[in-house]
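A.B. asks: kindly generate the corresponding structure for this input.
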Amino acid sequence: MDFLLIILLIILTYFTGSIIEKRHFKKIIKREKALIRKPIISYGKRFTGRNKKIKKVELVTGETVISGDYFKNFAAGLKNFFGGRLTSFESVMDRGRREAILRMREKAKKASIIVNTRVEAVMLNDIYTGSVPQCAIIAYGTAITYE
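C.D. replies: All right, here's what the predicted structure looks like:
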């Protein structure tokens, strides 16, 4: 009976996690389309507008902390035990990176361009307590506004 309950909970978390993830991806795609005209480059020497007068320069950041659902954690635990690539967390990392970049872009609404963009990630999990692994991601860059 207990085994059946565990299987039922794993199936339930799989479906709810999939639904939540798909909804989040749809929202991300919609926000990305709205901000498509705001260029982001990682190297600041070669971009258009070098001869324009700069009005404002500021550091902009976007942060997010994201975690997988219990099914992804269960699947990753099995993969980790047997070895191999943890593909179940790749979509979590993708969502986190895209969300952090979008938040950075949204903070720089009036900027003409964002240069020297970087994305950093760190895992926040406590292997001793068995807590759900979380990933903190920060995107940062220099927002430049031209006159």
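A.B. asks: now the strands for the chain?
C.D. replies: Under the criterion DSSP state E, the chain contains strands at 54-67, 113-124, 134-146.
A.B. asks: give me the number of residues near residue 118?
C.D. replies: For residue 118, the neighbour count with other Cβ atoms under 10 Å is 9. In this view, the C-beta of every residue, glycine as well, is placed from N, C-alpha and C.
A.B. asks: grab the longest helix from the protein for me.
C.D. replies: helix 2-34 (DSSP state H).
A.B. asks: can you tell me how far the most centrally placed residue in the chain is from residue 140?
C.D. replies: In the chain, the residue lying closest to the centroid (Cα atoms, centre = their mean) is residue 96, at 1.4 Å. Separation of residue 96 from residue 140 (Cβ to Cβ, to the nearest Å): 15 Å.
A.B. asks: also residue 59?
C.D. replies: According to Cβ to Cβ, residue 59 stands 6 Å off from residue 140.
A.B. asks: ditto for residue 24
C.D. replies: Applying Cβ to Cβ to residue 24 and residue 140 gives a distance of 22 Å.
A.B. asks: between the two, tell me which one has more neighbours.
C.D. replies: More crowded of residue 24 and residue 140, by other Cβ under 10 Å: residue 140, with 18 against 15.
A.B. asks: quick one: least confident helix or strand in this protein?
C.D. replies: Ranked by mean pLDDT, DSSP states H and E, the weakest helix or strand in the chain is helix 70-82, scoring a mean of 76.
A.B. asks: list the helices and strands it packs on?
C.D. replies: helix 2-34 (3 or more Cβ pairs under 8 Å, 6 or more residues apart in numbering; DSSP states H and E).
A.B. asks: what mean pLDDT does the helix it packs on have?
C.D. replies: Helix 2-34 comes out with an average pLDDT of 89.
A.B. asks: repeat for stretch 138-146
C.D. replies: So the average pLDDT for stretch 138-146 ends up being 92.
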